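Student: Whatever this is, show me its structure:
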Amino acid sequence: MSPSGKRVFLLGLTLVPPALLLGSGWPLAALLLLVALHLPIVVSTLYPHSGWFGPVMTRLPTDQPEVWLTIDDGPSADTAAVLDLLDEFHARATFFLVSDRAGERPELVAAIRRRGHDIGNHTATHPAARFWSLGPARMELEIGTAQEVLTSLSGQAPRWFRSVAGHTNPFVASSLAQHGLSRVSWSARGYDAVSGDPEQVVQRLSPNLHPGSIVLLHEGATHGRSVAIIRRVLETVQSRGLRAVLPLTVAPRPASC
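Tutor: This is a model prediction of the structure:
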């Protein structure tokens, strides 16, 4: 079923049965049914790997000893040091940039491209608390503005999009299609934006660090240890005999709900 077909199906599924119960004089039953029927929508919105609202990449389609390092939330005061680290480890990464921040540090955007890395779209303003609830106009503003700004600053249109906090909703897919973007999730995460302990981050991330893994990292975290964490992750990747590479242009695999 296409994303638009799913949206129509879900709307009918969640509204018609409760309406019938209300017409029969069963308000409590209608309320309980409405809550139960909305649960799949809530799960699909908040679960980063859900494909209900469009395809999403959760791993690289390869069995080669390669991983995809993705670094969110920049550019930041950490970017230059992160670029030096990537050079030191002969690693490549995709930086998912917030375009408002990129506009304030255009020299870092240029440096990312010049040093052989990729740039992804991570919205214009990073509305972490409400991204999941944005309507179609605001969603398009976030994605479209970021695409325009990042294309202008880097000289190349981003191919990849990462939702804020991994959330999505029915209005993401149309904007991504309009701008030729593919949504990227992850398969290995250490919660490095929350924890400032490099060993703790690696401990959480390691069980899911395999060939084809998409690794979620952050820069500019408030704990101030993003660079140290990325170094420790790069050491772990290297010790596993893995290489951090940029993906070729591949279509995201459909994900189950």
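
Student: Could you look up the SS state of residue 153?
Tutor: helix (DSSP: H, G, I helix; E, B strand; the rest coil).

Student: cool, residue 178 as well?
Tutor: Assignment for residue 178 (three-state DSSP): helix.

Student: Surely it touches residue 140?
Tutor: Yes - Residue 178 lies in contact with residue 140 (C-beta atoms under 8 Å); the separation is 7.5 Å. Glycine gets a C-beta too; all of them are placed from N, C-alpha and C.

Student: which one of these two has more residues nearby?
Tutor: For the pair residue 178 and residue 140, the greater number of neighbours falls to residue 140 (17 against 12), based on other C-beta atoms under 10 Å.

Student: do you know how far the more buried one is from residue 151?
Tutor: 16 Å (C-beta to C-beta, to the nearest Å).

Student: Likewise for residue 163?
Tutor: Per C-beta to C-beta, residue 163 is found 19 Å from residue 151.

Student: okay, the two: which has more neighbours?
Tutor: Per other C-beta under 10 Å, whichever of residue 163 and residue 151 has more neighbours is residue 163, with 23 against 16.

Student: The more buried one contacts residue 169, correct?
Tutor: No - at 9.0 Å, residue 163 does not count as touching residue 169 under the criterion of C-beta under 8 Å.

Student: Can you give me the neighbour number for the closest residue to residue 241 other than its chain neighbours?
Tutor: The shortest distance from residue 241 to any non-neighbouring residue, by C-beta to C-beta, 6 or more residues apart in numbering, is to residue 65 (5.5 Å). By the measure other C-beta under 10 Å, the count of residues near residue 65 is 14.

Student: What segments of the protein are strands?
Tutor: Secondary structure of the chain by DSSP state E: the strands cover 56-57, 66-74, 93-97, 118-121, 160-161, 182-184, 188-189, 214-218, 243-244.

Student: Export those strands to a markdown table and append columns for distance to residue 237.
Tutor: As requested, the strands of the chain are arranged in a markdown table below (distance: least, C-beta to C-beta, whole Å):
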| stretch | distance to residue 237 |
| --- | --- |
| strand 56-57 | 19 |
| strand 66-74 | 6 |
| strand 93-97 | 11 |
| strand 118-121 | 17 |
| strand 160-161 | 20 |
| strand 182-184 | 18 |
| strand 188-189 | 10 |
| strand 214-218 | 8 |
| strand 243-244 | 6 |
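
Student: Sounds good, over and out.
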